[in-house]
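[1] sequence unknown, structure follows:
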């Protein structure tokens, strides 16, 4: 035994005698994780969160969350002598006088954008591969919660510097609060400590931004990861991969090195972006004042789709009995997002209700093999993208020489017409891909080699695909539609017959598929 | 249908293919060196970071292709940090990929569901506990506890009451009174009609006492836009026309949609545009909404001149400015 081993042994013994950790460690150091690039997306979100905690802590050392008015006297000449809030002045101080301060601000902002991108793309991966199915529904809901909180946290974060752009965003948020029926103006006065903008809002959202929400994030992320750990990771279909096993590499040392290394890569890339690509140069916008605005006001991308919805809303208000209800704000700002996020959170339960499938699933779906789900996802994505494009309609209009009106009408019509088209096209594409898979398994790979037959006819030589590939393309189950009876054995109409009918119909739509190749099919074709 | 058919057989996890470094000691040494070089590059990044932090001047600007002219200190601080971090990661991953075991391992899964035995025991324990506490019988305790738990939840809500004052009439009122002078923003100079040429726009605020201070929340309601047109360009009813003065018309600058500043005026079309959501208002028709999500015209401020010939408000706004709210009477 070397000296080093002896020291390690003594330490390990000390800890284990007090915690009994050895048993748990023994089991978990060998924990197997399957390998796939798409499993890194959630990791990127996690690492961006850590980067946000680190860079954010740094920023708090100088940031002054106060709307007290001060006169700027700093090294940024153009704003010298201008009245502004202490929050804005301290942001300028961080940017121009604290060495590395601007870099940290940029890292914080880039990491926030990356955090949200990673969450959304991770969510899409989980959705399109069906990783949300039993037993992972709780984790799906936690994920939707993290996405929602991320949007709020990001919005509060970029509102803190109190510059002209972010103040305009806060004004819009205030208008949404104020538009709530009955309680709106009260809630707004409570949130802002009086009239907008007041002097209370920035200090309050600062506490929420640096303490309350990060605390909730930490708790939710911990549960999210513990569930991944405990339920074991899903895996893509492949040879030797079953619902009963998990094939991959052990945590120690491979995943520790890979995941640890990947954290540094994500941090490095964020730092690189921050070094070369300037983001949110607040000194150019000037301090916030409600009487001014900069042209081309844009929220960060994860708020953009909401702003796009608000922009395209028709000008409808109800004026009755001395009250006003702003549908032009409530529908795009609260009702549609509310429906979208509720639908998102409930989707695992809706799908399981439609398919009648209550079993555990650990093998991921190839998106083409569940055309209905994939098409629904494409539809929701199209809706959001049209909304997001409309959120930048002024920028797009000036860039491509269009008028705002053309853009707006494109979005107003597109948001209704394009999503259903996306649904139909995606479903067709999935079925075509299934057909292509079927051809591939039955007739093999096209080699590109042409052969001339004695008769003069040209044929392309097909080569059988490997047994591994054939398995991967055919291992999936093809759902069988539900057949719920309207009447029971004695011919009496069952309660909820209409519901059952609807469920049957949706289940049939869900089960549409091109029959996959069976072993018999292969045998048959060999005889030809 | 598919369940009756036999599925294609699973060939099992493919045989492991060894890497170059597993077989050839030279390749192994090479991979080791590569990892070391990557880690060394990280150290170079840190050195660059320290150098930039300590020695580079704040005012040094250099030209870089694509980036253009940038601040050297900011750039090299960032690049130093980026390299320092990135190459640690690259080294670790290269290490894992070339030198650490790459044989796939199979572990078994277990259903999440507990064993029936455990479930039965849990139910038994829970029932025993409930029976011991005799919750079912002691309804007085249950009810009083329910009541007090419900009530105790009120206290934190009540504590939030002092977050802000009640709105009262504040959303309906602005600083504009009959006879309040219009002054330029910025500059605080009173304005004569002759100061505004036809086609000109000016942002104004209500005059305040010498040495007085404007809160941002006042500006958020008081900001007004003055626009001068030729008298014949207006298409206003007589009542609205009364509110203008010699072709000068005044509107609240705070958007009737969500409260942004309606800051863009297009001279040729006489349209006011809010840059936030593109609500567009026609100045010639009393700021009628002609496009976008806003449902109401911008409130118009009646103006005239005082004895000294300066522009003043004829009367306060006759409707609340800014975005809508529940208590607003918009009829």
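    Structure received. For clarity, every value in this text was computed on a predicted model and none was experimentally measured. Residues are numbered from 1 along each chain as shown, chains lettered A, B, ... in the order given.

[2] Specify the residue ranges that define each domain of chain B.
    B:20-98, B:182-313 (automatic domain parsing).

[3] Please identify the most buried of the ones you listed.
    domain B:182-313 (a mean of 19; mean count of other CB atoms under 10 Å in any protein chain shown). For glycine as for every other residue, the C-beta is placed from the backbone atoms N, C-alpha and C.

[4] end to end, how far does it reach?
    Domain B:182-313 has an end-to-end distance of 7 Å (CA to CA, to the nearest Å).

[5] Could you pull up the residues touching the spatially closest residue to residue A:192 that is not a sequence neighbour?
    Using CB to CB, 6 or more residues apart in numbering or on different chains and skipping residues adjacent in sequence, the residue nearest residue A:192 is residue A:198, 4.4 Å away. Contacts for residue A:198 were tallied using CB atoms under 8 Å, 6 or more residues apart in numbering or on different chains; they are A:67, A:192, B:164, B:216-217.

[6] just to revisit the earlier point, save the domains of chain B as JSON lines, and put in mean pLDDT and distance to residue A:468 too.
    As requested, those are exported to JSON lines (pLDDT from 0 to 100; distance: least, CB to CB, whole Å):
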{"stretch": "domain B:20-98", "mean pLDDT": "93", "distance to residue A:468": "22"}
{"stretch": "domain B:182-313", "mean pLDDT": "93", "distance to residue A:468": "55"}
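
[7] Of those, which is nearest chain A?
    domain B:20-98 (2.3 Å; CB to the nearest CB).

[8] can you pull the buried residues of whichever strand or helix holds residue A:284?
    Secondary structure assignment for residue A:284, by DSSP states H and E: helix A:282-285. Across helix A:282-285, burial judged by 16 or more other CB atoms under 10 Å in any protein chain shown covers A:282-283, A:285.

[9] pLDDT score for the residue nearest to residue A:192?
    Reading off the confidence values, residue A:198 has pLDDT 93.

[10] mind listing what residue A:30 touches?
    A:250-252, B:105, B:107.

[11] can you rerun that using 6 Å?
    Residue A:30 makes contact with residue A:250, according to CB atoms under 6 Å, 6 or more residues apart in numbering or on different chains.

[12] Then residue A:140?
    A:132, A:348.

[13] Over to the one 10 residues further on?
    Residues in contact with residue A:150, defined by CB under 6 Å, 6+ apart, are A:116, A:119.

[14] Quick one: mean pLDDT over the helix or strand hosting residue A:376.
    Taking DSSP H and E as the definition, residue A:376 sits inside helix A:371-391. Averaging pLDDT along helix A:371-391 yields 96.

[15] now the buried residues of helix A:282-285 in CSV, with distance to residue A:442 and pLDDT?
    Below are those laid out as CSV (distance: CB to CB, whole Å; pLDDT from 0 to 100):
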residue, distance to residue A:442, pLDDT
A:282, 61, 92
A:283, 65, 93
A:285, 62, 92
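
[16] Tabulate these (CSV), appending distance to residue A:180.
    Compiled in CSV, the buried residues of helix A:282-285 are given as follows (distance: CB to CB, whole Å):
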residue, distance to residue A:180
A:282, 30
A:283, 35
A:285, 29
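
[17] got these as a markdown table, with distance to chain B columns?
    What follows is these, written out as a markdown table (distance: CB to the nearest CB, whole Å):
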| residue | distance to chain B |
| --- | --- |
| A:282 | 15 |
| A:283 | 13 |
| A:285 | 13 |
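
[18] With respect to residue B:64, which of these is nearest?
    residue A:283 (20.9 Å; CB to CB).

[19] Quick one: residues contacting residue 144.
    In the absence of a named chain, chain A is used. Counting by CB under 6 Å, 6+ apart, residue A:144 has contacts A:344-345.

[20] Quick check: it vs residue A:7, distance?
    In this structure, residue A:144 and residue A:7 are 47 Å apart, going by CB to CB, to the nearest Å.

[21] And residue B:122, by the same measure?
    44 Å.

[22] Please apply the same query to residue A:494.
    Residue A:494 is 72 Å from residue A:7, by CB to CB.

[23] And for residue A:380?
    Relative to residue A:7, and taking CB to CB, residue A:380 is found at 56 Å.
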